[in-house]
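**Student:** Predicted structure and sequence below. I'll ask about it afterward.
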Amino acid sequence: MLKFSFLSALLFLGLNLLAQKDTIKLREISREKKNIITDRPPQAVYFQVGGAGVLLSGVYDRRFLKRVNGPGFAAGLGYYGGSGFHIFTVPVSLNYLFGRSNHFVEVAAGGTYISAGDVGFFNDTPNSESGVIIHANLGYRYQPTKGGFCFRGGFSPLAYKGEGIMYYYISFGYNF
């Protein structure tokens, strides 16, 4: 009888565990005053043209808190190459999202390691240079509270060795 009770209890607990919500796919949301609180820090991956990655980059973004808005960070890798020419970048930044629900103003600042090289047209001696570009972002971000397609766009001033340029960016990706 004791074995039967033990097995019944084990079966009951096992079925209960299987019936739990999958918090990875179904984000629990509660509204506290002006903030939307989630069950884990929101994350996003996106493909970016322009901006801190200079030409083309893939970026991972995450909030520090279990809120859709507020502070976060982004890090990525970028590469562009052509006939004898290549650029490799590693953008890293801290960002802050202002707004509610799905629409945000994004403010960010950080640095981008860049390595660029080419082979001269008339000679085969490679020319290469590397350094750190300082960047800032100001733009719009659409990032759904429960996950899905996300979009970013804005402008990003870049500074390298005392020279500056106004640059723009557009990103498409997935929020989870």
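**Tutor:** Looks like it arrived, so ask away. Numbering: from 1, shown residues only.

**Student:** End to end on stretch 99-108, go ahead and measure it.
**Tutor:** Using CA to CA, to the nearest Å, the end-to-end distance of stretch 99-108 comes to 15 Å.

**Student:** beta partners of the closest residue to residue 111 other than its chain neighbours?
**Tutor:** Spatial nearest neighbour of residue 111, excluding adjacent residues (CB to CB, 6 or more residues apart in numbering): residue 132 at 4.9 Å. (C-beta placed from N, C-alpha, C; glycine too.) Beta bridges link residue 132 to residue 113, judged by DSSP bridges.

**Student:** Residue 132: neighbour count?
**Tutor:** 15 (other CB atoms under 10 Å).

**Student:** mind checking how far it is from residue 41?
**Tutor:** Here the criterion is CB to CB, to the nearest Å. By it, residue 132 lies 27 Å from residue 41.

**Student:** Looking at stretch 156-167 now, give me its mean pLDDT.
**Tutor:** For stretch 156-167, mean pLDDT rounds to 92.

**Student:** ah, wrong one, I meant stretch 131-141
**Tutor:** 96.

**Student:** How far off centre is that stretch?
**Tutor:** 13 Å (CA atoms, centre = their mean, to the nearest Å).

**Student:** How about it, which residues are buried there?
**Tutor:** Going by neighbour count (16 or more other CB atoms under 10 Å), the buried part of stretch 131-141 is 133, 135, 137, 139, 141.

**Student:** can you check stretch 89-99 too?
**Tutor:** 89, 90, 91, 92, 93, 95, 96, 97, 99.

**Student:** again, but for stretch 37-44
**Tutor:** Buried, per 16+ other CB under 10 Å, within stretch 37-44: 38, 42, 44.

**Student:** Return the subset of those residues lying in strands.
**Tutor:** The strands, defined by DSSP state E, take in 38, 44 from these.

**Student:** before we move on, back to that, strands - which of the buried residues of stretch 131-141 land there?
**Tutor:** Checking the buried residues of stretch 131-141 against DSSP E, those in strands are 133, 135, 137, 139, 141.

**Student:** Would you reformat those as a markdown table and include distance to residue 50?
**Tutor:** A markdown table is the format used below for these (distance: CB to CB, whole Å):
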| residue | distance to residue 50 |
| --- | --- |
| 133 | 13 |
| 135 | 11 |
| 137 | 11 |
| 139 | 11 |
| 141 | 15 |
